[in-house]
Structure formats: C-alpha cells, structure tokens
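*Asks:* build me a model:
(chains A, B and C)
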Amino acid sequence: MIAIEEIEKSFGHNQVLRRVKLDVPKGCLYGLIGPGASGKSILLKIIAGLIRPEGGRVVVEGQNIFEMPDIELQKFRANFGMLFQNYALFDYLTVYENIAFPLRRMTTMTEEQIRERVADRLKRVQLPGFEDRMPSGLSGGQKKRIGVARATVMQAPYVLYDEPAAGLDPVTSQRIFNLLRDEQRAAGSTVIMVSSDIERLLTVTDRVGMLYRGRLIFDGTTAEAQESQDPYVRQFVHGLVDGPL
Amino acid sequence: MSSAGSADQGAQDGEAPPQELGLVGEIGATALDLFDGARGMYSVLVRTLYYTAYGRREPGSTVHYMYEIGNKSLFFLTVVMGFIGMILVYQAGVQAKRVIPDLTLLGATYLELLIRDLAASIGALMLATRVGAGIAAEIGSMVVTEQTDALRMCAADPIDYLIKPRFFASIVMTTALIIWSAAVAFTSGMLTAYSFFEVAPRTFCNLSLIDKGDLIVGLSKCVAYGAAIPIVSGYCGLSTFGGSEGVGWATTRAVVNSSLAVIILNFFISGAGIFLFP
Amino acid sequence: MASNDDGSPGLFHTMGESLLGMAETAGGMGVLFGRILARLARLRFDGAEFMRSMYKMGVKSIPIVIVTALFTGGIMVIQAAPIVKRYGAQGLLGWGAGFGTLREIGPLLTALMLSGRVGANNTAELGTMVVTEQIDALRALAIDPISFLIAPRFLAFILTLFFSTLYADALALLGAAYAGKGLLDVEPSVFYNGLTSGLLSFSDVGVGLIKSVVFGIIMALASCHFGLAVKGGAPGVGRAVNATVVASAAGIFVLDYFVSFGIS
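*Replies:* Next up is the predicted model:
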C-alpha cells in the first residue's frame, strides 16, 4: 500500500498542499479529483518521488521514499509506472523504443523478450503494428494509449495516471478508462488516477479522494462520494452550478 | 497544444517579478540571479562528473552528439571565422601602417593572438549561441512536455542521460572546431594581407612568436569553454518552467549565460596565462 | 537549417535545401523590413509599446552590458600585454585598446550579448504570442500587428543597441585602463593620453556607432522574422530562438566586414 503522511508543499508564497494525509490500499483503483490548481498533479509527482515536499512522508512498502539516497530511489522507481498529462513520449524515439525504454534501463531482458513484451503491450492498447511510427505522427488518443503501454510495460505494482483522458473525445476517453481498469484488474496493481473527467472516472474507481485548495476534504468509496452530503463534494461530483465552489 | 498544468500556473504566480526595481535594484537582482545560477551550474557540473564515474555507459550517444554539434556548427563557424580573419587583419594592417610602416611581423603577431585568444574566444562565443541555444531548447522542451520526468521514472537521470554525453561531445568538438576556426581565420587573414598590403604568404606564415605557453593557454581555453557551454545551457534547459514561453526564456538565458561564461573564463584564463607564461 | 531526417538525402540535396532556406529567410526579412519602414515613415506605430520595449530591452540589459564591457576591456589589455612588453610601447597601449574597442570589439561584443539578451528574448515573446494565437487575435480585432508590435520593437532594439554601444565603449576603456595599471603598470593617465593624443579621432567612435546601427537593424529583423514564423508549440519556440541567435551572429560578422571596408 501507499501511505501519504502530512505532505506539505509550496512554490514561493503559494502553498499547494497542506498536510495531506491519505492511504491507498493494495490492489485499489484510487481516483483523485478536485478543481483546477488544487494540487492533484503535484501530489502525484510527489508520490512518484519526482518532487520533494517540504514536510511529510510517502511510505511505499514500508519505506519512506524521501529517505532513500538518489541512486536507491532511482532503482525503487522500477516499482512505479507513470502516465503523464502531456504524454511525455520521447519525441526522438520510435513508438517501439519508447515502450522498450523502461525495460532497457531497468531490466536485463534480452532483445527478443523486449520485442515480445512490447508487441503484447501494443496489442493490449489496440495499436498493434505501431512499432516503427514516430510519436509526432500520432493523434492525441493514440499518444495517450502509447503512454499507457509504456506506463504498464514494467508490470509495476504501482501505476500513476495523470489526466489519462484530458483533451479526448467522450468515446475515446471512456475507452481509455475501461482499458486502464482492465489493466489494473489483470495485473492486480495499485493505481492512483487524477482526472477532471469525474463522470467517467467514477465509473471505474474503487475509492475516491477530493483535494480542494491543497487539503484533502474527502476520502471514501466511489458510492460514498456519489452520495456525499458535503457541499463541496456534492457540487463537484455532480457538476452543480450553485454551491460553495 | 499542450497547455501548462496547474503546477506551472502556481510557479508563475510565485515568480511574478516585483515592479520598478530601479537601476541599482536591477543590478542587485541580476547579481543574485547570477549567484543562484552559478550555484545551480556548479551542482550540475558535480553531478555530471559523478555520473561519469558511476553512471551508465550509453554506447554511441556521445558520438551522436559529437556529430550533431559538428554538423550544426561547421558551416556557420567557417563563415564567421572567415570574415573575422579578413576584418582583423585589415584593421590591424591599416592601423599598424600609421605607427610602424613595416608589416613583416603582422602574420606572426596575428597568429599568436589567434592561438592565444581570438580563435578560441570568438569561436566559443559562436558555439555558445549555436550549440548552447540548441541544448537549452531541446532540454527545455523535454522539461515542459514532462519528458524529463518520464526519464527519471525510468531510472534515467536527465543529467546522466542528457547532459553527460553532451558534455564530453562538446569538449571534444569545441576543441576540434576551434582548431579548424583558427585555420580558417588564419587563411582568410593571409589572403587579406596579400591582397591589401602585399604581404607575401611566406612572410605571413611566421611561427616564430608561438611558444609552448600560447598553445597551452589556447588549448585550456578550448577545454574550459567546451565544458562550460553544455553545463551552463543544460542547467538553463533543466530549470525551464511554464509552456512555450518558458522554453524561449530558457534558450535566451542559455545564450546569454554561456556567452558570459566564455567572457569571464577568458578573463581568468588569459590572466593566469600572463602570469604563468610571461 | 535543413531538416536532418534519417532517410538521409545526399550532400547536394542538403546544401540546396539550406540555400533555399537561407534565401527564404533573407526574402522574408526583406519583406518585413519594407513593411516596418512603411509604418515608421508614416509614424504609424504604437507609442506605449515603444516605451515598454525601451524599458524591457534597454534598461533591463544595462547590467549585462556593464559586466561584458568591463571584462572585455580587461581582456583587451591582457592580450595586448605581450606585444606592449615586446616593443616597450606603454604609451601606445591607450591607442591600441581604444582603437580596437571603439571600432571593433565594443560594437561587436555588445551586439553579440544583446543578440542573446534582447534578440532571442524578443523572438521568444513573439513566438509565444504566435503559438498562443495572440497575433491572430490582434488581426481579428483589426489591429495591425506590424505597427502595434513589430515596428515599436524594431525601433527600440536599434536605439538600445546604439546607446548600449556608446556606454559599453566608455566602460570597456575604463576596464582597460585599470587592467593596464594592474598588469603592465601603465598609469591610467598615460593610458588616457594614448587615447587622446590625436591618433584616434571622432571618426573611430563614429564608425563603431554606425556599425551598431547596422547590427541593430539586422538583429531586430532576424528576431522579429523568426519570432513571427514560429510553428509547432514549445519546441518550435526553442528552434526559433536558436535560429535567431545564429542568424544574428552570422549577420553581424558579415555586415561588420562590409561596413569596415565601405567606410574606410
């Protein structure tokens, strides 16, 4: 499981996260919601150890990732897969090399095993035969799916998705969400997902947390979120115009 | 178009510059910036050297960047150095004639100046714009599209994976390109001297003033500039924030800071050269 | 600036492509120059934008010009030191440094530094405005981007370079005078005598200043041209900035050659 304890983070005078405390149980698909600039993406990057918080701990499998030396943390990241908001595909590498990149850096697999694994991943995201394309020639939805393939290629026990469906049409985004849930169920991984597309996000999540102005104001099951009477949560989940937000 | 994420907005709000600093405030702020930057660059340098010892060998990538640096700059440098050679010899000739009518030592003095300073410094200023801006633009775009974060998630530290190969490629290629620049500038200077002042090429090619000190100073400048350019521009690229505006800023800063680094290093290496090889 | 795809085209193909690219750039800059001049001649440019640009380009560049000029003056003396010692020509140090600074090094280095600080910055700003469709928004509001954005910046750029060269000259000579005292034991007063003894005339300053105006024109054109021609998001802005500094540097040296010959 991932335990996030009392995380504090600010940029200049702008406090982005205030004492955020959150537990994500093993095998859970956790959805993180909140209005824009509420610190969701930052929290995700802190969990991955990409940003150092001013205070608090992130404990993954009993280890506080911010107490590890840099080299150790680099190796520990083999336990994580991550999909970035802007896809973050390496634009100078082919699709094949993009997906193979984590395997090359963090495993000792042979070229044949890598080829097999990448082909399998591409089939899973329904883009078989895309190996030799360059990322610049792909559509937004295709890039996201290649990003998903790269995030899951290590079969890491923890996977983080930052806005997996932003900027996609409704049909494509529902497909992406279903794909992510199927992936998670098949691999038994622990997933944290940030999305602004609440309606579709809630169709796949087990648990939901809501960030508002840097604080975690809600944490519970998907059903609890949908029935919550908290005015902030209610307004946000149901997309109401009237309310405190 | 990828819009800047919420984090970037936060960062920009925090960085909004206070208005109307006044001239002294402006200079002070610049000094503080420079100091901060120098510290950041020093840390990039230390980490580059660390990864040189303990990092992962990336076969072929240093050669790839060497090709890229050389290929990108050869033509540009040849044109610039050719013109520089003509300008310098012409100006020097016209002025020297006013004081000493004898131009036999023109070539020897020019060659000494080229080797000691001009080839390395002007060549490096050009490379700082050409190569430095390129490095910052590439790394900066990778930062704003989160590719550097993706690299870190794959156990590939951007310093190890992006800056280290450029660092070695730049040291080797800067030295090679500067030797080439010196040759170009000398040849064009020789032709100018011949056609304007009738100095025979044989008189112009006079190596008598070159000594060990000149060569050592010139070569150490090549290495120092070659090392400084990727470190300074790599640092500027890695500290990019925001969207396309951020990349533009990073590239600008890379050009300015690597040019400044060249000028300041030149001052200190030349000064040391004077005391060590009088 | 030819694209280097992996399906590597032959040498001549690449050369032809770069030549075409250069011709296109030169043509684009020429057209832009004409359009800017048309606006300036009829005084149709935005005054407020001009003042803003003067502040952003001129005032903000003062620190970097000071640092560059002082160090450059020092370097000039360091480089002249062996020659001065060889001929025992302490009295000529001021003349040599003055001549080199005023005619060549002052305008050249100031232009090179400002090409990064001002030219590249301007490209980045314009490029960002193109990428975020702000230029299109101006056009949609029936505001002429040339007279509103480009012409004021063009003018401000040239003036910035002119005045920066003027005080960079003075500061570089100051740096040279004290470096001469420190390194060669040449008293600053001897140095100033060398400067004013008649070997140098106002024309040396004038040539330098004319150069600075010529450099200013080419740099301002390059920076506006590449800024407006940005395509393709953040990486496009980076590439445009890169192209600006390279074109400015090449333009500066080539024009320096022609101005040096044309004037003397």
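
*Asks:* near chain C, which residues of chain A?
*Replies:* By C-beta under 8 Å from any C-beta of the partner chain, the part of chain A that sits against chain C consists of residue A:91. For glycine as for every other residue, the C-beta is placed from the backbone atoms N, C-alpha and C.

*Asks:* got the contact list for the longest helix along chain A?
*Replies:* Among the segments of chain A that qualify as a helix by DSSP state H, the longest is helix A:170-187. Residues from elsewhere that reach helix A:170-187, judged by C-beta atoms under 8 Å, 6 or more residues apart in numbering or on different chains: A:29, A:124-126, A:141, A:144-145, A:148, A:152, A:155, A:159, A:161, A:164-165, A:168, A:189, A:191, A:193, A:197, A:200-201, A:203-204.

*Asks:* drop anything exposed from the residues you listed.
*Replies:* A:29, A:124-125, A:141, A:144-145, A:148, A:152, A:159, A:161, A:164-165, A:168, A:189, A:191, A:193, A:197, A:200-201, A:204 (16 or more other C-beta atoms under 10 Å in any protein chain shown).

*Asks:* and residue 116, how many neighbours?
*Replies:* I'll assume chain A. Residues lying near residue A:116 (other C-beta atoms under 10 Å in any protein chain shown) number 12.

*Asks:* oops, I was thinking of chain C
*Replies:* Neighbours around residue C:116, by other C-beta under 10 Å: 31.

*Asks:* go on, the one 3 residues further on?
*Replies:* Residue C:119 has 33 neighbours, counted by other C-beta under 10 Å.

*Asks:* among the contacts of helix A:170-187, name the ones in helices.
*Replies:* Per DSSP H, the subset of the contacts of helix A:170-187 in helices is A:124, A:141, A:144, A:145, A:148, A:152, A:200, A:201.

*Asks:* from those, which single one is nearest residue B:180?
*Replies:* Taking C-beta to C-beta as the measure, residue A:144 is the one of the ones in helices among the contacts of helix A:170-187 closest to residue B:180, at 46.4 Å.

*Asks:* does the closest one touch residue A:165 like I think?
*Replies:* Yes - because the distance of 7.3 Å satisfies C-beta atoms under 8 Å, residue A:144 is recorded as touching residue A:165.

*Asks:* identify the residues contacting residue A:8.
*Replies:* A:15, A:17, A:18, A:19, A:53, A:54, A:55, A:56.

*Asks:* in PyMOL, how would I select just the buried ones from those residues?
*Replies:* To isolate the buried members of those in PyMOL, using 16+ other C-beta under 10 Å:
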select buried, chain A and resi 17+18+53+56
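
*Asks:* ok, the contacts of residue A:8 vs residue B:269, which is closest?
*Replies:* Taking C-beta to C-beta as the measure, residue A:54 is the one of those closest to residue B:269, at 41.1 Å.

*Asks:* now do the buried residues in the strand or helix carrying residue C:73.
*Replies:* In this assignment (DSSP states H and E), residue C:73 forms part of helix C:60-87. Neighbour counts using 16+ other C-beta under 10 Å place C:60-84 of helix C:60-87 among the buried residues.

*Asks:* which ones are touching residue C:96?
*Replies:* Contacts of residue C:96 by C-beta under 8 Å, 6+ apart are C:80, C:83, C:84, C:194.

*Asks:* where along the chain do the strands fall?
*Replies:* With no chain named, the answer covers chain A. Using DSSP state E, the strands of chain A run over A:2-11, A:14-24, A:29-33, A:55-60, A:63-64, A:80-83, A:158-162, A:190-194, A:207-212, A:215-221.

*Asks:* how near is residue B:43 to residue B:146?
*Replies:* 22 Å (C-beta to C-beta, to the nearest Å).

*Asks:* quick one: pLDDT of the closest residue to residue C:32 other than its chain neighbours?
*Replies:* Distances taken as C-beta to C-beta, 6 or more residues apart in numbering or on different chains place residue C:225 nearest to residue C:32, at 5.4 Å, with adjacent residues excluded. At residue C:225, the pLDDT value in this model is 95.

*Asks:* count the neighbours of residue C:225 for me.
*Replies:* 25.

*Asks:* helix/strand/coil for it?
*Replies:* helix (DSSP: H, G, I helix; E, B strand; the rest coil).

*Asks:* for it, list the residues it contacts.
*Replies:* Here residue C:225 is in contact with C:25, C:28, C:29, C:32 (C-beta under 8 Å, 6+ apart).

*Asks:* quick one: mean pLDDT over the longest helix of chain A.
*Replies:* 88.

*Asks:* same deal with stretch C:146-162?
*Replies:* Here the average pLDDT along stretch C:146-162 is 93.

*Asks:* does that stretch reach chain B?
*Replies:* No - on the criterion C-beta under 8 Å from any C-beta, stretch C:146-162 is out of touch with chain B, staying 14.3 Å away.

*Asks:* that stretch: how far from the chain's middle?
*Replies:* 13 Å (C-alpha atoms, centre = their mean, to the nearest Å).

*Asks:* tell me how many other residues crowd the closest residue to chain B within the stretch 1-150 of chain C.
*Replies:* Nearest residue of the stretch 1-150 of chain C to chain B (C-beta to the nearest C-beta) works out as residue C:124 at 2.3 Å. Residue C:124 is flanked by 28 other residues according to other C-beta under 10 Å.

*Asks:* wait, what's in contact with it?
*Replies:* B:245, B:247, B:248, B:249, B:251, B:252, C:227, C:237, C:240, C:241.

*Asks:* filter these down to the ones in helices?
*Replies:* B:245, B:247, B:248, B:249, B:251, B:252, C:227, C:237, C:240, C:241.

*Asks:* which one of those residues is nearest chain A?
*Replies:* Closest approach between the ones in helices among the contacts of residue C:124 and chain A, by C-beta to the nearest C-beta: residue B:247, at 13.0 Å.

*Asks:* against residue B:119, how distant is residue B:182?
*Replies:* 4 Å.

*Asks:* with neighbour numbers in mind, choose between these two.
*Replies:* Neighbours were counted for residue B:182 and for residue B:119 using other C-beta under 10 Å; residue B:119 has more, 28 against 22.

*Asks:* for the more buried one, what are its contacts?
*Replies:* B:81, B:178, B:179, B:181, B:182, B:185, B:218.

*Asks:* wait, the fifth one sits on residue B:115?
*Replies:* This points to residue B:182. Yes - using C-beta under 8 Å, residue B:182 is in contact with residue B:115, at 6.4 Å.

*Asks:* most centrally placed residue in the chain?
*Replies:* All of this refers to chain A. Nearest to the geometric centre of chain A sits residue A:161, at 1.8 Å (C-alpha atoms, centre = their mean).

*Asks:* nearest to chain B: which residue in chain A?
*Replies:* Closest point on chain A to chain B, by C-beta to the nearest C-beta, is residue A:12, at 2.6 Å.

*Asks:* that residue and residue B:34, how far apart?
*Replies:* Separation of residue A:12 from residue B:34 (C-beta to C-beta): 20 Å.

*Asks:* now do residue C:223
*Replies:* For residue C:223 relative to residue B:34 (C-beta to C-beta), the value is 24 Å.

*Asks:* which one of these two is surrounded by more residues?
*Replies:* Neighbours per residue, other C-beta under 10 Å: of residue C:223 and residue B:34, the larger number sits with residue C:223, 31 against 16.

*Asks:* ok, the more buried one touching residue C:116?
*Replies:* No - look at residue C:223 against residue C:116 with C-beta under 8 Å: they stay out of range, at 10.6 Å.
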